[in-house]
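K.L.:
pasting a predicted model and its sequence here:
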Amino acid sequence: MRDAQGRIKYIEEAPSKSFILNFLYIWWLCFNLNTSDSVSVTSPSGTQTTMTLNQPMGWYNWVNGGGKPYTGIQVGSGRTSPSASSPYLESLILSGSGSGQLSYSSDTVTSPSISSNPATLQITKTFTNSSGGSVTVGEIGLAPQVRNSAAGQYQAALMVHDVLSSAISLPNGSTVTITYTLQVST
């Protein structure tokens, strides 16, 4: 976390342990040719719902999702340990500058690095507090964007849900940058 003057105030590094059922379900949809399966998603406005994917390989942009704020890395204020069957953050923080909101930047995704073992890929997003008050981040998640081609809907399907060891209180004007590093070892 950085304060309004850009000084680093807090760093936490921890392994993600919370792949949820959507992770397996979306992979299953990628390999399954059944074209009428559903997945739990968050819309570009932050609404949580179920969407039917009507084409195999229902992916659209791994992260970044064309600038939609809830794809890629998401943040919430919840503190409850996630269950494998819960497809949403406990309390998603909406994108914006209103009370209790954070401005979501676009995700930055590195090319996979295969020069060492483990091979890595990093996804990074910065959140800025312009709400006028403090905003508390207690949970984070990673959500690729999926597409229902018939309806033209692009929505985020949470696959990873982690609760921070300590909630971070972001004063007005501060930022927090979150990076997920995906690793594959051989």
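P.N.:
Cool, got the structure.
K.L.:
can you map out the strands along the protein?
P.N.:
37-42, 48-53, 72-76, 103-104, 108-109, 119-128, 135-143, 145-148, 153-156, 160-170, 175-184 (DSSP state E).
K.L.:
distance between the first one and the chain's centre?
P.N.:
Average the C-alpha atoms of strand 37-42, do the same for its chain, and the two points are 15 Å apart (Cα atoms, centre = their mean, to the nearest Å).
K.L.:
for it, list every residue counted as buried.
P.N.:
Going by neighbour count (16 or more other Cβ atoms under 10 Å), the buried part of strand 37-42 is 37, 39-42. In short, each C-beta sits where N, CA and C put it, glycine included.
K.L.:
of all the strands of the chain, which one is nearest Glu13?
P.N.:
The closest of these to Glu13 is strand 175-184. By Cβ to Cβ, the value is 9.1 Å.
K.L.:
can you pull out the residues in contact with the closest one?
P.N.:
Outside strand 175-184, the residues that touch it by Cβ atoms under 8 Å, 6 or more residues apart in numbering are 1-2, 16, 73, 75, 118-129, 137, 140, 142, 160, 168, 170.
K.L.:
equivalent analysis for stretch 121-135, please.
P.N.:
Residues contacting stretch 121-135 (Cβ under 8 Å, 6+ apart): 63, 72-73, 75, 77, 93, 97-113, 137, 142, 169-182.
K.L.:
in PyMOL, how would I select just the buried ones from the residues you listed?
P.N.:
This is how PyMOL selects the buried members of the contacts of stretch 121-135, with burial counted by 16+ other Cβ under 10 Å:
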select buried, resi 63+72+73+75+77+93+101+102+104+105+106+107+109+137+142+170+174+175+176+177+178+180
